[in-house]
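> Next input, structure requested:
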Amino acid sequence: MVQDRTARFTKAWLADRRILCYRFEDTAPLTINAWADDLIHELELWPADKPWRLLLDIRLNGAIVSAYGLGRARDIARIRPELRGRLAILIGSRLASQIISIALRGVPNRYRQRDCFVNEAMAVAWLLEADKPLIG
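Here you go, the predicted structure:
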């Protein structure tokens, strides 16, 4: 049996490069580690005067996120806590939504708002809202 040893996510910029978007095909450790490295790099380079807007598409055909993925995400959330912005998470199932909501509550960050969505257009609109302050 041959194992696929490539990370299974894509990275894209949306809304004229105002939103950084990652779309996951799985949350295996290889994928999560490659994503984490890339995201940390982006976070470290992000200008302090530009709002952080991140969209994570973890719909995964209705599957749930791995515990390993949640742990890495918690670690990354602690990087540059002063950076104001928003994180929108696209989820594919009610169970995934519940798990992600619990994980979000477990990592307080008063500078970045976070929310779960099942509709990408709604998530993008929320990320781009200009009328509300970008603090949590």
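> so where's the chain shaky on pLDDT?
1-5, 61-63, 94-111, 130-136 (pLDDT under 70).
> Centre-most residue in it?
Nearest to the mean C-alpha position of the chain, by CA atoms, centre = their mean, lies Leu56 at 3.6 Å.
> Is that residue in contact with Leu87, as I believe?
Yes: with contact defined as CB atoms under 8 Å, Leu56 reaches Leu87; the gap is 7.0 Å. (C-beta placed from N, C-alpha, C; glycine too.)
> Which helix in this protein has the most residues?
helix 29-45 (DSSP state H).
> C-terminal to that one, what's the next element?
Next along the chain after helix 29-45, taking DSSP states H and E as the criterion, comes strand 52-57.
> Just the buried positions in that following strand, please.
Buried residues in strand 52-57, defined by neighbour count with 16 or more other CB atoms under 10 Å: 52-57.
> what's the spacing between Ile89 and Thr6?
23 Å (CB to CB, to the nearest Å).
> before we move on, what about Glu129?
Distance from Glu129 to Thr6, by CB to CB: 36 Å.
> For this structure, just list every one of the strands.
9-14, 19-24, 52-57, 85-90, 112-117 (DSSP state E).
> Could you dump these into CSV and include distance to His41?
Shown next, in CSV, are the strands of the chain (distance: least, CB to CB, whole Å):
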stretch, distance to His41
strand 9-14, 11
strand 19-24, 11
strand 52-57, 13
strand 85-90, 16
strand 112-117, 18
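> quick one: which of the ones you listed is nearest Thr31?
Each of the strands of the chain has some distance to Thr31 by CB to CB; the shortest is strand 9-14, at 5.6 Å.
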